[in-house]
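K.L.:
Predicted structure and sequence below. I'll ask about it afterward.
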Amino acid sequence: MNKTRQLLTNPFVTIAGAKALIYGLAALVLTSITGYFWQTRFDGVLDIHFGIQHPYHIYLFDLVISYVTLALVLYLAGLIFSRSGIRMIDVAGTVALARAPLLLAPLANTFSHSEAMSEYMSGMFAGDEIAPPEFWQSALFGLSTLIIIALTIYVIILSYRAFSISVNLKGNRAVLIFIMGILVSEVVSKILIHNFIHTIF
Amino acid sequence: MIKQLPLICPSCSHGLAVKSLICERCSTTIEGLFTLPAITRLSADEQQFILDFVKASGSLKEMAKHLNLSYPTVRNMLDDLIKRITVAEKSHTLQP
């Protein structure tokens, strides 16, 4: 496997620990900035939503809470199920780096026409007569949705590889534990974001 | 060319044992039935890993630097190797 391919499909073979954590956290901060400029929230481990403008700290705390929840849940899963001597820094670093591609998600909102689509859909549900969006608007919205889905799948695959390498679990057992971990952290992060962020800010 | 030590019987896939040993200087041959140590039943790469690990004073961080791999990758390689050695040792004691 050549280096570039490995870097894209499984960078954790060569990068983990503090180095991965620094890259991952840098990507997280950049993601919060691009999210702020293109109104893209990451309000959950698996959530990417285009929407209205919020203050910058909301975008940052969404990402921090989602990341910390996922890293902690996967680390705990590793402590319970792995027989290897796992390190928190490896889980924290690789999981942070696995989420780096989210940086690209807000760019999809630059051409998504999500506002027009959102207005049309809410109008439809409210029973108002609103002219449907142009074909090219729908097409671009569809394309941006596909990009978001592809990015989400890519991040999930990278997160699994981060988990697998950092806690030394493989095969069906690892997949099952990872899926459970993702579901638990999705629920926990959602609860935290909606009850914690919205209460504090 | 370095010949690879055959470990598995090509006929029945059972692990091989040593029947004779020869002195390269005087050609004295000793015959008997000698089981191979567990370490010799590992692959060449695995044996090299063990040698590198000893040379690195058992430091996984040093090994990671030397192999240009991440720390958990090297730790996983070591854990897998420990499993393989345990299996090899068990199969050795189970042999008649």
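P.N.:
That came through fine. Numbers count the residues shown, from 1 in each chain, chains lettered A, B, ... in the order given.

K.L.:
For chain B, which segments count as helices?
P.N.:
Along chain B, counting by DSSP state H, helices occupy B:44-55, B:60-67, B:71-94.

K.L.:
Report whether the first one contacts chain A.
P.N.:
In this case it means helix B:44-55. No: figure legend: helix B:44-55 not in contact with chain A (Cβ under 8 Å from any Cβ of the partner chain); closest approach 15.2 Å. C-beta: built from backbone N, CA, C; applies to glycine.

K.L.:
and the closest residue to chain B within chain A, how many neighbours?
P.N.:
Using Cβ to the nearest Cβ, A:Ala16 is the residue of chain A that sits closest to chain B, at 3.6 Å. Per other Cβ atoms under 10 Å in any protein chain shown, the neighbour tally for A:Ala16 reads 29.

K.L.:
check contacts around the closest residue in space to A:Thr94 that isn't next to it in sequence.
P.N.:
Nearest residue to A:Thr94, sequence neighbours excluded (Cβ to Cβ, 6 or more residues apart in numbering or on different chains): A:Ala162, at 3.4 Å. Going by Cβ atoms under 8 Å, 6 or more residues apart in numbering or on different chains, A:Ala162 touches A:Phe12, A:Leu74, A:Val91, A:Thr94, A:Val95, A:Leu97, A:Ala98.

K.L.:
A:Ala162 belongs to a strand?
P.N.:
No: per DSSP: H, G, I helix; E, B strand; the rest coil, A:Ala162 lies outside any strand segment and is helix.

K.L.:
show me the residues around the residue of chain A closest to chain B that make contact.
P.N.:
A:Asp90, A:Gly93, A:Thr94, A:Ile165, A:Ser166, B:Ser70, B:Tyr71, B:Pro72, B:Thr73.

K.L.:
returning to what we had before: what pLDDT does the residue nearest to A:Thr94 get?
P.N.:
Predicted confidence (pLDDT) for A:Ala162: 97.
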